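Undergrad: Structure of the sequence below:
(one chain, ligands or ions: 2)
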Amino acid sequence: PAPRTVLLTGAAGGLGTLMRSLLPAYGYTLRLFDVRPIEGEPDAVTADLTDKDALREAVRGVDAVLHLAGISLEAPFEKILRSNIEGTYNLYEAARREGVARIVFASSNHAVGFTPAPRPGEPLIPVDTPRRPDTFYGLSKSFGEDLAQLYWDKHGLETVSVRIGSCFPEPTSVRMLSVWMSPADGARLFHAALTAEGVGHTVVYGSSANTRLWWDLSSARALGYDPQDDSEPYAAKLIAEQGELDPENPAHGHLGGHFVNDPPIWPY
Ligand code: NAI
Ligand code: 15L
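TA: Numbers count the residues shown, from 1 in each chain. Ligands and ions are numbered 1, 2, ... in the order given. The predicted structure follows:
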């Protein structure tokens, strides 16, 4: 049966807020979880991913989890370790113990951020391209994908790992013309990931059907995802403001954009 009750972690964040407004139309009842309180949502669970008891209670009885919580940009390793690595492990362990069948994991393009962006005419980047994290942040998403594979192989807990490009109301950079996922397409993709049958552990890229797309959406389409949006209507204005991407500039020539150039944040 299709999942109906879904735990949404990271519900207070940018993507969580978008999904709180878009996913109920697909018939889901959302249980909300975030370390930050959410105004107007007295039933939301306000807890940290390090709180194993709170997580165990939060996943109890849900059909699936949409796991968006975590640090969403580069940060000192120790912080990434707590929220994204240990936090995601805690979530999987809670889900395993409570018998939750599926997790949709918000992975990121930054798990493969050091992959050179294809130039026009070159093949799109496949999902099985070697992982090349561009930051400690991207490394934590790479860990999350491996954790998901382990929990499928060892425990039969299914995951769709969605390597999200940039999910914001509008693309705001020339790079985003290639990696943008409209919020409406985001909801379509998460819905497909929550409902497709027999996913095991499936990795997909998360973006709209952009004219300037860098990666292969076929594994997402195989779940039933049918993207309806394209960033191209924003192209002329963004290119006039910012210029075309220069593939010789590392911050332009890799999937991860400026993340490849950002120095690690030391110390702890
Ligand atoms: P965000 O930073 O706006 O939201 C993340 C939420 O997670 C926040 O509300 C924060 O309070 C919560 N959180 C962080 N650490 C936590 C912890 N230890 N315990 C409980 N809650 C915690 O990020 P955004 O943009 O909404 O992204 C959501 C997820 O999607 C993140 O995992 C991010 O890495 C991933 N992602 C997002 C992309 C995007 O374009 N928005 C692109 C690629 C991946
Ligand atoms: C991400 O993983 C971040 O969470 C998001 O804030 C954007 O920076 C996005 O990647 C991107 O690559 O544009």
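
Undergrad: which stretches of the stretch 101-250 of the chain form strands?
TA: Residue ranges of the strands in the stretch 101-250 of the chain, as given by DSSP state E, counting those that start in this stretch, are 102-108, 158-164, 201-206.

Undergrad: Can you check which of the ones you listed gets nearest to ligand 2?
TA: For ligand 2, the closest of those is strand 102-108, at 3.6 Å, according to Cβ to the nearest ligand atom. Where you see a C-beta, it was placed from the backbone N, CA and C, and this is true even at glycine.

Undergrad: counting contacts, what elements does that closest one pack onto?
TA: When contacts are defined as 3 or more Cβ pairs under 8 Å, 6 or more residues apart in numbering; DSSP states H and E, strand 102-108 packs onto strand 64-67, helix 87-98, helix 136-155, strand 158-164, helix 183-195.

Undergrad: can you give me how far it is from the chain middle?
TA: 6 Å (Cα atoms, centre = their mean, to the nearest Å).

Undergrad: Neighbouring strands of it in the sheet, and parallel or not?
TA: Partners of strand 102-108 in the sheet, by DSSP bridges, are strand 64-67 (parallel), strand 158-164 (parallel).

Undergrad: and the last one, which residues are buried?
TA: Read it as strand 158-164. Buried residues in strand 158-164, counted by 16 or more other Cβ atoms under 10 Å: 158, 159, 160, 161, 162, 163, 164.

Undergrad: Could you check the angle it makes with helix 87-98?
TA: Counting by axes from the mean of the first three to the mean of the last three Cα atoms, to 10 degrees, strand 158-164 lies at 160 degrees to helix 87-98.

Undergrad: Report the mean confidence score over strand 158-164.
TA: Averaging pLDDT along strand 158-164 gives 99.

Undergrad: That one vs ligand 1: in contact?
TA: Yes. Contact of strand 158-164 with ligand 1 (Cβ under 6 Å from any ligand atom) involves residue 164.

Undergrad: so where is the stretch 101-250 of the chain shaky, pLDDT-wise?
TA: Within the stretch 101-250 of the chain, the set of residues satisfying pLDDT under 70 is empty.

Undergrad: In this structure, which residue sits nearest ligand 1?
TA: Going by Cβ to the nearest ligand atom, ligand 1 is nearest to residue 13 of the chain, at 2.0 Å.

Undergrad: wouldn't that residue be in contact with residue 34 here?
TA: Yes. The pair residue 13 and residue 34 qualifies as a contact (Cβ atoms under 8 Å) at a distance of 7.0 Å.

Undergrad: neighbour count winner among the two?
TA: Neighbour comparison, residue 13 and residue 34: the larger count goes to residue 34, with 22 against 19 (by other Cβ atoms under 10 Å).

Undergrad: Next to ligand 1, which bits of the stretch 151-268 of the chain? Give me the list.
TA: Going by Cβ under 6 Å from any ligand atom, the residues of the stretch 151-268 of the chain near ligand 1 are 164, 166, 167.

Undergrad: could I get these as a markdown table with distance to ligand 2?
TA: Formatted as a markdown table, those follow (distance: Cβ to the nearest ligand atom, whole Å):
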| residue | distance to ligand 2 |
| --- | --- |
| 164 | 6 |
| 166 | 4 |
| 167 | 8 |
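
Undergrad: Name the residues of the stretch 101-250 of the chain found near ligand 2, please.
TA: 108, 109, 110, 166.

Undergrad: got the contact list for the nearest residue to residue 140 once chain neighbours are set aside?
TA: Excluding its sequence neighbours, the residue lying closest to residue 140 (Cβ to Cβ, 6 or more residues apart in numbering) is residue 84, at 3.6 Å. Residue 84 is in contact with 70, 71, 137, 140, 141, 143, 144, counting by Cβ atoms under 8 Å, 6 or more residues apart in numbering.

Undergrad: Brilliant, that's me finished.
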